[in-house]
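K.L.:
pasting the structure only:
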């Protein structure tokens, strides 16, 4: 979109640090456009292979654009971030990275799958088509704690939440802990399932346009999201559902995904690695039952509409 100041790809940093110099300062109500590099920092191309995953330079992973200083933002306020627009790149990647992901013990080898997409559909395979749903995986502000903090885990102030509803039209509220908030954004996706179980979605570089607001003395404890109807009505066209049951949510989640990988292999003919990646970009994990202790139930929903 024209007419807005752009934060360019080279204006990025690694890790959250409240001592970083802002790349720009904005007033509440102002809109900025961010050129966001994918989570691999541009290390993959459309013709990359699993060998490139094995050679991944983790020092270049998870760059975030910013930080942006928002005038008037003070600790105790909430920064409002409206996703005005997201411009797509046309292709993305999904990888199994050794040692990373919900089933890391079961998938120890590097694997890479690339997909092309447009504004409507992600061509995951010739037989599998996902709805394109671009969003910002990492979006947040600087924490009050001094030092440089990893981008990998989500935090009270946002960060790598991989919340697939931070999409066009959403309004995100972030707790402010330092003067100016020091906002940054990165890790953009073309599609993802709730849980991002293999550790990656359809990772892609996107241009994101955001409008900033400020709610004084909101004193929220964690990020909040306000969604329009367009982001809450998602028909599935029927679903395949697998479950995991036990006293540990992580283990139950892993069991639900293992069940789905089995279904995708036996009923749809997918090899385990591709099935695991599909679970990461299309399956929604749900906590279906948590009160009947000691066991809890996690369900994994795969929309049937993705199959041609």
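P.N.:
All right, it came through fine. This is a predicted model, so every value here is computed, not measured. Numbering: from 1, shown residues only.
K.L.:
mind listing what's buried in stretch 32-50?
P.N.:
Neighbour-count burial for stretch 32-50, counted by 16 or more other CB atoms under 10 Å, picks out 32-41, 43-44, 48. C-beta here means a position set from N, CA and C on the backbone, and glycine is covered the same way.
K.L.:
for the stretch 201-308 of the chain, which spans come out with low pLDDT?
P.N.:
For the stretch 201-308 of the chain, the stretches flagged by pLDDT under 70 are 233-236.
K.L.:
which stretches in it count as helices?
P.N.:
Using DSSP state H, counting those that start in this stretch, the helices of the stretch 201-308 of the chain run over residues 249-266, 272-282.
K.L.:
for the ones you listed, give me JSON lines that also has mean neighbour count and distance to residue 99.
P.N.:
Compiled in JSON lines, the helices of the stretch 201-308 of the chain are given as follows (neighbours: other CB atoms under 10 Å; distance: least, CB to CB, whole Å):
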{"stretch": "helix 249-266", "mean neighbour count": "19", "distance to residue 99": "15"}
{"stretch": "helix 272-282", "mean neighbour count": "24", "distance to residue 99": "14"}
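K.L.:
now, which of the buried residues of stretch 32-50 sits nearest residue 251?
P.N.:
Here the nearest of the buried residues of stretch 32-50 to residue 251, counting by CB to CB, is residue 39; it sits at 26.3 Å.
K.L.:
which element is the closest residue to residue 122 other than its chain neighbours on?
P.N.:
Here the nearest residue to residue 122 in space, its sequence neighbours aside, is residue 130; by CB to CB, 6 or more residues apart in numbering that works out to 4.1 Å. Element membership of residue 130, judged by DSSP states H and E, is strand 128-131.
K.L.:
any idea how far residue 262 lies from residue 12?
P.N.:
Between residue 262 and residue 12 the distance is 40 Å, computed by CB to CB, to the nearest Å.
K.L.:
in stretch 47-61, what's buried?
P.N.:
Within stretch 47-61, judged by 16+ other CB under 10 Å, the buried ones are 48, 52, 53, 56, 61.
K.L.:
actually stretch 218-232, not the one I typed
P.N.:
By neighbour count on 16+ other CB under 10 Å, the buried set for stretch 218-232 is 218, 223, 231.
K.L.:
show me the contacts for residue 141.
P.N.:
Taking CB atoms under 8 Å, 6 or more residues apart in numbering as the definition of contact, the neighbours of residue 141 are 67, 79, 157-158, 174-178, 181-184.
K.L.:
that older thread, packing partners for the strand holding residue 130?
P.N.:
strand 121-125, helix 272-282 (3 or more CB pairs under 8 Å, 6 or more residues apart in numbering; DSSP states H and E).
K.L.:
swap in 6 Å and give it another go.
P.N.:
Judged by 3 or more CB pairs under 6 Å, 6 or more residues apart in numbering; DSSP states H and E, the packing partners of strand 128-131 are strand 121-125.
K.L.:
neighbouring strands - and their directions - for the strand it packs on?
P.N.:
Applying DSSP bridges, strand 121-125 is found paired with strand 111-117 (antiparallel), strand 128-131 (antiparallel).
K.L.:
could you give me the average pLDDT of that strand?
P.N.:
In this model, strand 121-125 carries a mean pLDDT of 97.
K.L.:
stretch 175-184 now?
P.N.:
For stretch 175-184, the per-residue pLDDT averages 98.
K.L.:
the strand or helix carrying residue 187: which residues count as buried?
P.N.:
Using DSSP H and E, residue 187 falls within strand 183-189. Applying a neighbour-count criterion of 16+ other CB under 10 Å, one finds 183, 184, 185, 186, 187, 188, 189 buried in strand 183-189.
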